[in-house]
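Novice: I need the structure of the sequence given here:
(chains A, B and C)
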Amino acid sequence: MYSTRYHKPATIDDALAALGAGDEAKVLAGGQTLLATMKQHLAAPSDLVDIRAIDGMSGVTVQDNILTIGAATTHAEVATNADVRQHCGALGQLAGGIGDPAVRHQGTIGGSIANNDPAADYPAAMLALGATIITNSREIAADAFFQGLFTTALDENEIITAIRIPCPAKAAYAKFNQPASRFALVGVFVAKTDMGARVAVTGAGEDGVFRHAALEAALSADWSESAAAKVAISADGLMSDIHASAAYRANLIGVMAKRAVAAS
Amino acid sequence: MDMTGEFRIGAPREAVWQALNDPAVLAACIPGCEAMEKTSDSSFEATVVQKIGPVKARFHGIVELENIRPPESYTLNGEGKGGVAGFARGGADVRLEADGADTILLYEARAQVGGKLARLGSRLIDSTAKKLAAKFFDNFHEYLSKEDNAEEKSAAAS
Amino acid sequence: MTDQGIGARVKRKEDKRFTTGHGKYTDDVRMENQAYAAFVRSPFAHAEIKGIDKSAAEAMEGVIAVLTGPELVADGIGNIICGWAVTSKDGSPMNMGAWSALATEKVRYVGDAAAVVIAESDAIARRAAEAVEVDYAELPAVAVASKALAAGAPQIHDNAPGNLIYDWEIGDEAATDAALAGAAHVTEMEITNNRLAPNPMEPRSAVATYDPIEEHYTLYTTSQNPHVARLVLSAFYQVAPENKLRVVAPDVGGGFGSKIYIYPEEITCLWASMKTGRSVKWTSDRSEAFMTDAHGRDHVTTAKLGFDADNRIVGFKVDTIANFGAYMSLFSSAVPTYLYATLLSGQYDIANIHCNVRAVYTNTVPVDAYRGAGRPEACYLVERMMETAARELGVEPTELRRANFIREFPHQTPVIMAYDAGDFEANLDQALAAADVAGFAARKAESAKRGVLRGLGFSSYIEACGIAPSAAVGSLGAGVGLWESAEVRVNAVGTIEVLTGSHSHGQGHETAFAQVVADRFDLPLDSISIVHGDTDTVQMGMGTYGSRSGAVGLSAIVKALDKVEAKVKKIAAHVLEASEDDIVIEGGQVKVAGTDKAMGWHEVGLSAYTAHNLPEGMEPGLKETAFYDPANFTFPAGTYICEVEVDPETGVTKIERFTCSDDFGTIINPMIVEGQVHGGVAQGIGQAMLEQVVYDDDGQLITGSYMDYTMPRADDVPFYDVHHASTTCPNNPLGIKGCGEAGAIGTPPAVINAITDAIGTNDLAMPATPQAVWSALQASGKSMAAE
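Specialist: Presented below is the predicted three-dimensional model:
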């Protein structure tokens, strides 16, 4: 490892101050990507600002059918939280399928969303559920938040504090594991919401998570497995790597969408 | 990997060609370019910083223009060493076609990385390369599409 | 005999320390004044080294030295060699390119070390290694063996024109061609054996210490064969004479072949300890392991298997290209020749076999033996061909095998091997019954109702283990003999230490070997200790690989036990005033049969060491040494049956049943043997469905971590159903055949045969990932078959 200054602020203001003061400071939300990258010396931040001890950053509340999840809530906490299970079981199931137990007890929802890895699970849920990302300075709709491969609407040193999720009428997440890493080779989150059917796909897009218009149209008209199965999935814009061609990913989007609807 | 594209630029071919050979323009358009210095008529030294998620790598290397056929086409090649991260190289065959007062720019790009980036990040190589290639040409397009730049270049060309 | 003797399911003695975190591995060794090494590794697959600028690294606080290849060569450290000479069919010797522990003029694969940094801490060493500026001039690279043979391919070693290491053959080509020409049916296939990374749980490590007063070196290292390491380090790499070099391989966490070889890092640590006057430790991280541990397999083969009108095999012709990577590793040359082509007769009576093998340099990490080593490649080829032929001929795959089984022993194959014993049909029948093959059709119909495809695949494997008769391997080019040694020391209190030249790195020798001794003298297991892994303690031995420790290592122990028993009986007969022939050893006592005259086992030991009352002329002490050189290879064999379900929508394959019937000869500890089978089958499933090293066209390793290289996880493998139907090996005292590699050898074809049966196409390569299976289904148009 390489030397870095570690901060554990108790308030957002202190966190922002530490981020601003550092040469190349980074937020540490769970570190499940960042620390591994630092070990390989592919990142060498001057300062790490651990936001997990900030008051109110962690935990789940529910009010008026809206879930609010603190940014520093771990995947394990989301997976096992009773309110999440009752109001949006698909989200709990998704969280319980991220990585392994060690990752789930360190990794956080805010960290995952801010990183926006193209194969991460949470971004698909945020898009499909029409979540709102709350930061220290503003609120951003998920549709505006995710801007492609590892890119988000976050400004430099802006900190996600919480995520607000309107509970869907129905939802499910179907994930097809990349065999080695068990990240999503293709993950499809389907949600029946007040805004109609919303379908988000992770793992497959060349430019990260995206909503699938054709599946949304089909499922808005008819929320059924067969409706999902009838949608022809294009391979355009899908990722190709040693684990899956774009064509295979396209096939999996269709299959996972169908299975997600069946499970919803 | 298929990394091709084409777009229309509202400027004459000469002006576009000038811009493609202007280190200041290239520096402004190469994503993450921190510095670029001309070392000969067709080569430059460059420093480029790339951030892919948490990974941040600074590449030092050279950019060279080859197969130059003014004002029709050239090949742009870049190669940089990123220290512990490994190395990266990329290039594009660029062709300009005059279409009335406009110019059609066509490109075919390629990229390769080596060392740690290849070993650990293979899933991201193609997507990132495609994105960076598109970004370069988007930047270039945007640069020339800004009226003042286009006019300036047009004036310079005439 | 005792409930701790041969055949008992004794829990492993060594697991107490392994499962409680008290194993002592090389990285646990802490020397006083210890420094750390980090290697400067090439990011290029092929490049000239134009210069190395050490200055920035040398200037860093805590850096002790930055050392390079030319300095190592100047100090007389020799090149790394391949120890088995294989001769091309035109009579020319193999073309071995020079391999310096630190590169001198060129680097030839990604990870090839150009320099090493020695520093006060691991972190400083790694950081300084990043600061060493190597000026590389990149050269064109080639990673695929067939492309390396093509005209105009980049030339990797000057003395291997066209990158060809050797062009070797075995068998009678004309006779085989004639047999195929007259065949009623010929099955032709092109088969790829995928490249694998060994991935032992413990990465490689070395701690080297030089004592300038004694001019003596000590090396702790992760080795499967510390004596061979010492021999090679001394005789070929000129590190030090053998008496000035101690090699210790303490607890070693898995090897699978990859820790047989002497690697650049150990040599460099030894040399650096002399240069710097410090103990030098290096421990590989997982990234380095993927880059630098010798890989396995990587063959491409075309083959023709001919049958007569009665479905009897008449000829088998094989043409193989083997990728050796950038340098010839220690046993690399033997793997695709004497460990592969000699097993191409499988379990079948084949009169005509011809195999041609071209070994090729590429810009990839060296390839050498990996669990099974040549035999998995042979078995995969033979058993894929048999299953495919059965489908083409329209006969049951098991019946085609039955029709061609060898039934009389000994059996001389046309490719060197003389099988000594076996009952192939017994294994097949046992597996068929255990797998409930009779019920398969009903299960398949039930699967179809659920929209999934069910398939059944067979593999009847044979392997040559108990490696190996020294004179035989010597005549084939081996640079060493492959005997084993043992010393049995009975202490004055009657406890026993067995010093074995075998090495345990997961095999459970401390238990199984002790069981043999306990069985022999009817003693408690706790009174017997197995000592191995230290050249200062243990007499010269050849180490563990090729499923040899039971068949060869234990045979040496048995020979030493024979000598101990003879002396014990002499002493007891003398003390008890009886005839030697009447002495029996049982229940912790040495008795005169049919009388109440007896002395305790410990009293015999005491008598031997007090030497107050020994027979006239007998030397004091009770310690015997034996060397055992096997008379033949051993031939474990068996049948594996795999049953799979394939989801046609995704290509996901689930192994529903996996049944093994093995003939391992005598089994010492069935629990340990089952564990060996389980591990081997898991590795076989890994090769068949999950694992694949990928280099891109420029020789970049792109499966350099577990993000992209798939290791089998618990939910990738089924519960195994393991059975034994054994014949005794007639060529060693215990009748042991060996069990360490069978699972990895027999499994891949069973899995692929099952999947291809399910999806109705023979065109499927390993690893059969979901994408590969789905793509095969798309190509064959069978994806709708279940719907």
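Novice: Please count neighbours and contacts with C-alpha atoms only from this point.
Specialist: Will do.
Novice: can you map out the strands along the chain?
Specialist: You didn't say which chain, so I picked chain A. For chain A, applying DSSP state E gives strands covering A:5-7, A:25-28, A:47-50, A:60-63, A:66-70, A:132-135, A:139-141, A:160-166, A:170-177, A:184-193, A:196-202, A:210-211.
Novice: hmm, I had chain B in mind actually
Specialist: Assigned by DSSP E, chain B shows strands spanning B:4-9, B:33-40, B:43-52, B:55-69, B:73-81, B:87-99, B:102-114.
Novice: In TSV, list those strands along with distance to chain A.
Specialist: Shown next, in TSV, are those (distance: least, C-alpha to the nearest C-alpha, whole Å):
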stretch	distance to chain A
strand B:4-9	13
strand B:33-40	16
strand B:43-52	7
strand B:55-69	5
strand B:73-81	14
strand B:87-99	13
strand B:102-114	14
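Novice: Please name whichever of the ones you listed is nearest to residue C:429.
Specialist: Counting by C-alpha to C-alpha, residue C:429 lies closest to strand B:102-114 out of these; the figure is 52.4 Å.
Novice: now the closest one and strand B:4-9, what's the angle there?
Specialist: Per axes from the mean of the first three to the mean of the last three C-alpha atoms, to 10 degrees, the angle that strand B:102-114 makes with strand B:4-9 is 150 degrees.
Novice: Quick one: residues in contact with strand B:102-114.
Specialist: B:1-13, B:16, B:86-98, B:125-126, B:129, B:133, C:43-44, C:700 (C-alpha atoms under 8 Å, 6 or more residues apart in numbering or on different chains).
Novice: Now do that strand against strand B:73-81, angle only.
Specialist: If you take the same axes, to 10 degrees, strand B:102-114 sits at 30 degrees to strand B:73-81.
Novice: List the buried residues of strand B:102-114.
Specialist: By 16 or more other C-alpha atoms under 10 Å in any protein chain shown, the buried positions in strand B:102-114 come out as B:103, B:104, B:105, B:106, B:107, B:108, B:109, B:110, B:111, B:112, B:113, B:114.
Novice: Any chance of a markdown table for those, columns distance to residue C:517?
Specialist: What follows is these, written out as a markdown table (distance: C-alpha to C-alpha, whole Å):
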| residue | distance to residue C:517 |
| --- | --- |
| B:103 | 88 |
| B:104 | 85 |
| B:105 | 82 |
| B:106 | 79 |
| B:107 | 76 |
| B:108 | 72 |
| B:109 | 70 |
| B:110 | 66 |
| B:111 | 63 |
| B:112 | 60 |
| B:113 | 58 |
| B:114 | 55 |
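Novice: got those as CSV, with pLDDT and distance to residue A:127 columns?
Specialist: As requested, the buried residues of strand B:102-114 are exported to CSV (pLDDT from 0 to 100; distance: C-alpha to C-alpha, whole Å):
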residue, pLDDT, distance to residue A:127
B:103, 94, 39
B:104, 95, 37
B:105, 94, 35
B:106, 95, 34
B:107, 94, 33
B:108, 94, 33
B:109, 91, 32
B:110, 90, 32
B:111, 89, 31
B:112, 89, 32
B:113, 91, 32
B:114, 93, 34
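Novice: so which of the strands of chain A comes closest to residue C:634?
Specialist: Taking C-alpha to C-alpha, strand A:170-177 is the member of the strands of chain A nearest to residue C:634, at 42.3 Å.
Novice: quick one, the lengthiest helix in chain B and strand B:43-52 angle?
Specialist: For chain B, the helix with the greatest residue count under DSSP state H is helix B:122-145. Angle of helix B:122-145 versus strand B:43-52, following the same axes, to 10 degrees, is 120 degrees.
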